[in-house]
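Engineer: Prediction below, plus the sequence it came from.
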Amino acid sequence: MSPDSAPWQPLSIGPSPSAPISSALINNYLGNRDRNNWIHFTNLGNRGDNVLDRALLTELIQFGNGIATAAYYHAFRDQAGAPPDGSRPGGYVLTFPASAIPEASRFWSLTAYTPNSVEMILNPINKYVVAGYTPGLVRNRDGSISIHIARVRPPGVPEANWLPVGFRPFNVMLRLYGVVPGSAAANDTYVPPPVVPR
């Protein structure tokens, strides 16, 4: 079965006794976006009485660590506010400026997922992540790092800098493991660059 023919089951929040709860969780998660449309929570493991955050983070950032250990940024929208879609011919690009490459004492990584889930996207080369440790990752002349998110590798783009996706909508998650004390991520001031349509 090819990646594009595999059935993707959308998250159902139709009529059921739990539908209002599901809707509240999803809306709370998706509504917590920054200026570049990234979702970010810093209260993992320290949610207090915030039962909505506790439930949604358990579901959508499974086995998540506290901000002293890891930071998670999740994007369901591109720079223009539209859901990213693998059918877009040019795909998307995420460029970390040289001065804003994620600071992590262990590593940072970017992965893509099927809609409404944390299920990785099947692809012919079995590649599911671009990370600081990716062999052959190429920097631009100005020191920035561009990650191309597309169904087909764009011409001239090194394979190391390509994150394959399917022919359908997707979302991406940036993870930082080993948050550096005093860094922008640790101080909750880091905002990843937008996912830009090409």
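Structural biologist: Cool, got the structure.
Engineer: From now on I want contacts and neighbour counts done on CA atoms only, so please keep to that.
Structural biologist: Will do.
Engineer: now Asn126: how far from Tyr177?
Structural biologist: To Tyr177, Asn126 is 23 Å away according to C-alpha to C-alpha, to the nearest Å.
Engineer: Would you mind checking which helix or strand in this protein has the lowest mean pLDDT?
Structural biologist: helix 51-60 (a mean of 60; mean pLDDT, DSSP states H and E).
Engineer: Go ahead and name everything in contact with the next helix or strand after it.
Structural biologist: Downstream of helix 51-60, the first helix or strand assigned by DSSP states H and E is strand 70-75. Residues outside strand 70-75 that contact it (C-alpha atoms under 8 Å, 6 or more residues apart in numbering) are 37-42, 64-65, 171-179, 185, 192.
Engineer: Report the strands that pair with strand 70-75, each with its relative direction.
Structural biologist: strand 38-40 (antiparallel), strand 171-179 (antiparallel) (DSSP bridges).
Engineer: got the CA coordinates for the helix or strand just after it in CSV?
Structural biologist: With elements assigned by DSSP H and E, the helix or strand that comes after strand 70-75 is strand 92-96. Extracted in CSV, the C-alpha atoms of strand 92-96 (Å, rounded to 0.1, in the frame of the first residue of the first chain):
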residue,chain,number,x,y,z
TYR,A,92,7.0,24.5,2.3
VAL,A,93,10.2,25.7,3.8
LEU,A,94,11.1,26.3,7.4
THR,A,95,14.3,28.4,7.7
PHE,A,96,16.1,28.9,11.0
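Engineer: Give me the buried positions along strand 92-96.
Structural biologist: Buried positions in strand 92-96, judged by neighbour count with 16 or more other C-alpha atoms under 10 Å: Tyr92, Val93, Leu94, Thr95, Phe96.
Engineer: tell me the mean pLDDT for that strand?
Structural biologist: On average, the pLDDT along strand 92-96 is 98.
Engineer: now stretch 170-180
Structural biologist: pLDDT averaged over stretch 170-180 gives 94.
Engineer: how distant is stretch 123-142 from the center of its chain?
Structural biologist: In this view, stretch 123-142 has its centroid 15 Å away from the chain centroid, taken as C-alpha atoms, centre = their mean, to the nearest Å.
Engineer: Contacts for that stretch, please.
Structural biologist: Against stretch 123-142 from outside (C-alpha under 8 Å, 6+ apart): 3, 98, 107-112, 120-121, 145-147, 158, 160-166.
Engineer: which among the residues you listed end up buried?
Structural biologist: Here, 16+ other C-alpha under 10 Å leaves 107-112, 120-121, 145-147, 160-166 buried among the contacts of stretch 123-142.
Engineer: quick one: the residue nearest to the spatial centre of the chain from Gly156, how far?
Structural biologist: Against the mean C-alpha coordinate of the chain, by C-alpha atoms, centre = their mean, the closest residue is Met173 at 1.6 Å. Taking C-alpha to C-alpha as the measure, Met173 falls 25 Å from Gly156.
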